[in-house]
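Peer 1: Build me a structure from this.
(one chain, ligands or ions: 1)
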Amino acid sequence: MNTSAANPGELAGRHLVLGMTGGIACYKIAELTRLLTKAGATVQVVMTEAATQFITPVTMQALSGRPVYTSQWDGRVPNNMAHIDLSRDADAIVVAPASTDFLAKLAHGFADDLLSTLCVARDCPLLVVPAMNRQMWGNPATQRNVAQLRADGIETLGPDSGPQACGEIGDGRMLEPEATYEAIVAFFAPKVLAGRKLLITAGPTFEPLDPVRGITNRSSGKMGFALARAAQQAGAHVHLVAGPVALATPWGVWREDVQTAQQMYDAVMREASDADVFIGVAAVADWRVDHVAEHKIKKTAEHRMPTFSFVENPDILASVAAIANPPYCVGFAAESGDLDVHGEEKRARKKVPLLIGNLGPLTFGRDDNEVVLFEAGGRTPLPRAAKQALAQTLIAEIARRLPDPSIIS
Ligand code: C5P
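Peer 2: Below is the predicted model of the structure:
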């Protein structure tokens, strides 16, 4: 699965205990540690004896920048209570990879080594990332143990499905480091959109002129993808309709790729009545040629300059806003000037409650953005921020404006 990479600062101030148990997936934890520290988390690695057979504590110390602990009797902890001290200020313990044996120990409350004792003595959330052969995962005892862990409020991330180190194919392999990272970030995000269905468009559209040429625009899709990721982390089911962009699908997001405005319209209208929120971030082409040439248009002596006639594309945002019981609709507007005039005019014309305006030439392709919220009550400027951080702010702003789902109109 494609995923996004770590964003600097998004785990700033978080302290994680990263518990490693014995399994070949230990090699993935080197990369996971790098992603977590890049995002600003402090990572305290604790390894079982078996884990040290797969990757050395020296490697994990170098990557985490902290001493690694493997034994309950480690004299480096001043009060000799490593099993309590190491997780004292932790925001979570993440056990990755979590072996069959370790899941069984956790399910039954065993505390016979440093990591299992830390888990039993913890005062913080526990996340486990299982990694094992498909038969071990499918074993009824393992499934019973996992069900018990879930009932005990322990979060299970994965496992994934696919080729395994043993050569077999099936369920049980550990999530890739990027996916594990994304799941950890999502775990900490406030669940302001829990259970909501969010439909979102992103990127440009491509309107063909002939089989090789077309009209498109400079939208990179970054803002829409950042919003899709933030909404997923906030607990929403996200359906992302993307124009042609070179971006990885955010973890946990359902993505549908389209090329033209008409295809984007069709994809959106199929889902719109089922959505709680629609965000139109895509830079949709306003026009398409009324006749796409079947063959490449040639430059000939008589026809050096082709002429095209255009027809208007449907306005996706206005169409969604016009359906019976529409989702909460949010538009985006990239303007090259006079944002205040155009932003509010566009919001009123498209009949949407919220329009987010940005200065197009200053945002296209960049990693940061500065926007103004336009709504009936007035305008609210937000400070310039990285697109991912801004996306989290915008998702919180949108969530605040949603009708309470318990109120049936
Ligand atoms: O009119 P303009 O293109 O500036 O409006 C921008 C907003 O309208 C964006 O939210 C964009 O996704 C949406 N839009 C649309 N369908 C179109 C044109 C724009 O949904 N055909």
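Peer 1: Can you give me the buried ones in stretch 141-154?
Peer 2: 142, 145-146, 149, 154 (16 or more other C-beta atoms under 10 Å). Any C-beta I mention is one placed from the backbone N, CA and C, and that applies to glycine too.
Peer 1: now these in a markdown table, with pLDDT, distance to the ligand and secondary structure?
Peer 2: Output for these, formatted as a markdown table (pLDDT from 0 to 100; distance: C-beta to the nearest ligand atom, whole Å; DSSP: H, G, I helix; E, B strand; the rest coil):
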| residue | pLDDT | distance to the ligand | secondary structure |
| --- | --- | --- | --- |
| T142 | 98 | 47 | helix |
| N145 | 98 | 47 | helix |
| V146 | 97 | 42 | helix |
| L149 | 97 | 43 | helix |
| I154 | 97 | 41 | coil |
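Peer 1: and the residues you listed as TSV, adding distance to P57?
Peer 2: Converted to TSV, these look like this (distance: C-beta to C-beta, whole Å):
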residue	distance to P57
T142	28
N145	27
V146	28
L149	26
I154	25
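Peer 1: Closest one to L86 out of those residues, please.
Peer 2: I154 (18.3 Å; C-beta to C-beta).
Peer 1: residue contacts, the closest one?
Peer 2: 106, 126-128 (C-beta atoms under 8 Å, 6 or more residues apart in numbering).
Peer 1: what two of those residues have the greatest distance between them?
Peer 2: It's L106 and L127 that sit farthest apart of the contacts of I154, by C-beta to C-beta, at 11.5 Å.
Peer 1: Between those two, which has more neighbouring residues?
Peer 2: Neighbour tally, L106 and L127, criterion other C-beta atoms under 10 Å: the higher count belongs to L106, 24 against 20.
Peer 1: Contacts made by the helix or strand where that one lies with the rest, please.
Peer 2: In the assignment (DSSP states H and E), L106 maps to helix 100-108. Under the contact criterion C-beta under 8 Å, 6+ apart, helix 100-108 has outside partners 21-22, 48, 95, 98, 112, 115-116, 119, 126, 128, 130, 132, 136-137, 139, 141-142, 144-146, 148-149, 152, 154.
Peer 1: which of the buried residues of stretch 141-154 lies closest to E335?
Peer 2: For those, the nearest to E335 is I154 (48.9 Å; C-beta to C-beta).
Peer 1: Secondary structure element holding the closest residue to the ligand within the stretch 101-250 of the chain?
Peer 2: Among all residues of the stretch 101-250 of the chain, T201 sits closest to the ligand, at 5.6 Å; criterion: C-beta to the nearest ligand atom. Element membership of T201 [criterion: DSSP H and E] is strand 197-202.
Peer 1: Wait, S319 touches D266, no?
Peer 2: No - between S319 and D266 there is no contact under C-beta atoms under 8 Å: 10.9 Å.
Peer 1: what's the burial count for F332?
Peer 2: When neighbours are counted by other C-beta under 10 Å, F332 comes out with 26.
Peer 1: Then P130?
Peer 2: Neighbours around P130, by other C-beta under 10 Å: 30.
Peer 1: if I look at L106 and L127, which residues touch both of them?
Peer 2: Common neighbours of L106 and L127 (C-beta under 8 Å, 6+ apart) are 95, 154.
Peer 1: for stretch 385-404, which positions count as buried?
Peer 2: Within stretch 385-404, the residues scored as buried using 16+ other C-beta under 10 Å are 385-392, 394-395, 397-399.
Peer 1: ok, which pair from those is furthest apart?
Peer 2: A386 and A399 (19.8 Å).
Peer 1: need the contact list for D286.
Peer 2: Counted by C-beta under 8 Å, 6+ apart, D286 has contacts 312-313.
Peer 1: how near is R255 to the ligand?
Peer 2: Distance, R255 to the ligand, by C-beta to the nearest ligand atom, to the nearest Å: 17 Å.
Peer 1: Now do the helices in the stretch 301-409 of the chain.
Peer 2: Counting by DSSP state H, counting those that start in this stretch, the stretch 301-409 of the chain has helices at residues 316-321, 339-350, 360-363, 387-401.
Peer 1: what does the stretch 151-300 of the chain give?
Peer 2: Going by DSSP H, counting those that start in this stretch, the stretch 151-300 of the chain shows helices at 177-188, 222-233, 261-271.
Peer 1: In CSV, list the ones you listed along with mean neighbour count, mean pLDDT and distance to the ligand.
Peer 2: What follows is the helices of the stretch 151-300 of the chain, written out as CSV (neighbours: other C-beta atoms under 10 Å; pLDDT from 0 to 100; distance: least, C-beta to the nearest ligand atom, whole Å):
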stretch, mean neighbour count, mean pLDDT, distance to the ligand
helix 177-188, 22, 96, 26
helix 222-233, 28, 96, 9
helix 261-271, 19, 98, 5
